[in-house]
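*Asks:* sequence plus predicted model, see below.
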Amino acid sequence: MSAAPILITGGAQRLGRYCAERLLDDGHPVIISYRRERDELASLNELGIVTLPADFSTEAGIHDFIRRLKSETRSLRAIVHNASDWAPDTLGEDAGHTFEQLFRVHMQAPYLVNLHTRELLEAGDEPQRDIIHMTDYVAQRGSRKHAAYAATKAGLENLTLSFAAMYAPAIQVNAIAPALIMLNEDDDAVYAEKAKAKSAMQMIPGPDVIYQSLRYLLDNRFVTGVTLPVDGGRHLR
Ligand SMILES: NC(=O)C1=CN([C@@H]2O[C@H](COP(=O)(O)OP(=O)(O)OC[C@H]3O[C@@H](n4cnc5c(N)ncnc54)[C@H](OP(=O)(O)O)[C@@H]3O)[C@@H](O)[C@H]2O)C=CC1
Ligand SMILES: Nc1nc2c(c(=O)[nH]1)N=C([C@H](O)[C@@H](O)CO)CN2
């Protein structure tokens, strides 16, 4: 039986894409979900990465993706819930819509995908199966300008505890809580310097530190229900 694939949601760019390509290099079949069509998808397909459309902005969209995933594979080695929107809080009439959108992508999608893919994870013939939630340092600290983002990431962090208890011992469930790992395109040098100063390590490390953390969880048979901080000592400042 060929190795069961690893699913990374939101894997068409940045951290998710980096980890998808590293997992492929390490010999894992990889499936990624994407929301927006883009030229890079062809490059990922040429590498052998399966790309599935997914829009988690509605419950129906989440169920559509689950059906699409089950049509693609009968088993999974791991699921990385990476899809996320770093949306700032909005005032006025949009505030509720913003919160709902972040709830759906950060909490409802991981919750429903985990509930509906348990049998895919258990169908794999490898001894270890993993679910990994990408949360955020601010889940434990809050955020003045991204309160809805932080709250829904905190909800995802809490889902880690519940699913770890529900799915043990067959499936391990953990989270990775990064602080700033890589800048966005519109981040300028002033922002970068201020951001570096926020952590004890005073660096913006790039995506490999996330892959190292993912690799640690995928290779460790005795870790479940934990959130792995990858924050450069942000909590020390
Ligand atoms: N980058 C960093 O420094 C940090 C990242 N993190 C966390 O690490 C993870 C990866 O970060 P990063 O690579 O920057 O993430 P991105 O901001 O690049 O988002 C990843 C993907 O999520 C997808 N996505 C967003 N909303 C939806 C939705 N409603 N339905 C389906 N897909 C959606 C997007 O798809 P598309 O592009 O196709 O629309 C996007 O490509 C995230 O969970 C993030 O919160 C935490 C702290 C720091
Ligand atoms: N979905 C995302 N979440 C987060 C991002 C991102 O780019 N996408 N970035 C951060 C950084 O820590 C923040 O400092 C902005 O660069 C947090 N979450």
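*Replies:* Nice, I can see it. Ligands and ions are numbered 1, 2, ... in the order given.
*Asks:* which strands and helices lie in contact with the longest strand along the chain?
*Replies:* If you go by DSSP state E, the chain has its longest strand at strand 172-178. Other elements packing on strand 172-178 under the criterion 3 or more C-beta pairs under 8 Å, 6 or more residues apart in numbering; DSSP states H and E are strand 130-134, helix 147-167, helix 208-219, strand 227-230. Bear in mind the C-beta positions are built from the backbone N, C-alpha and C, glycine included.
*Asks:* show me the strands in this structure, by range?
*Replies:* Using DSSP E, strands in the chain cover 6-8, 30-34, 50-53, 78-81, 130-134, 172-178, 227-230.
*Asks:* pLDDT (mean, whole number) over the first one?
*Replies:* Looking back up the chat, that one is strand 6-8. With pLDDT averaged residue by residue, strand 6-8 scores 98.
*Asks:* report the distance from it to the chain centre.
*Replies:* Centroid separation for strand 6-8 versus its chain: 9 Å, with C-alpha atoms, centre = their mean, to the nearest Å.
*Asks:* just the fourth one next, same as before
*Replies:* Relative to its parent chain, strand 78-81 has a centroid offset of 7 Å by C-alpha atoms, centre = their mean.
*Asks:* is that strand anywhere near ligand 1?
*Replies:* No - between strand 78-81 and ligand 1, judged by C-beta under 6 Å from any ligand atom, nothing touches; the nearest distance is 7.5 Å.
*Asks:* and the first one, by the same measure?
*Replies:* No - for a cut-off given as C-beta under 6 Å from any ligand atom, strand 6-8 has no contacts with ligand 1; the smallest distance is 9.5 Å.
*Asks:* which neighbouring elements make contact with that strand?
*Replies:* Contacting strand 6-8 under the criterion 3+ C-beta pairs under 8 Å, 6+ apart are the following elements: helix 14-25, strand 30-34, strand 78-81.
*Asks:* deepest of those, which one?
*Replies:* Most buried of those, by mean neighbour count (mean count of other C-beta atoms under 10 Å): strand 78-81, with a mean of 26.
*Asks:* which strands or helices does that one pack on?
*Replies:* Secondary-structure packing of strand 78-81 (3+ C-beta pairs under 8 Å, 6+ apart): strand 6-8, helix 109-116, strand 130-134.
*Asks:* what residues does that strand touch?
*Replies:* With C-beta atoms under 8 Å, 6 or more residues apart in numbering as the test, strand 78-81 has contacts from 6-9, 11, 16, 19, 109-110, 113-114, 117, 121, 129-134, 156, 214, 218.
*Asks:* need the contact list for the residue lying closest to residue 113 once chain neighbours are set aside.
*Replies:* Using C-beta to C-beta, 6 or more residues apart in numbering and skipping the chain neighbours, the partner closest in space to residue 113 is residue 66 (6.2 Å). Listed by C-beta under 8 Å, 6+ apart, the contact set of residue 66 reads 112, 113, 116, 117.
*Asks:* same check, this time on residue 31
*Replies:* If you count contacts by C-beta under 8 Å, 6+ apart, residue 31 has them with 5, 6, 7, 8, 49, 50, 51, 52, 69, 72, 73.
*Asks:* okay, now the last one: neighbour count?
*Replies:* Okay, so that is residue 73. Residues within reach of residue 73, counting by other C-beta atoms under 10 Å, total 18.
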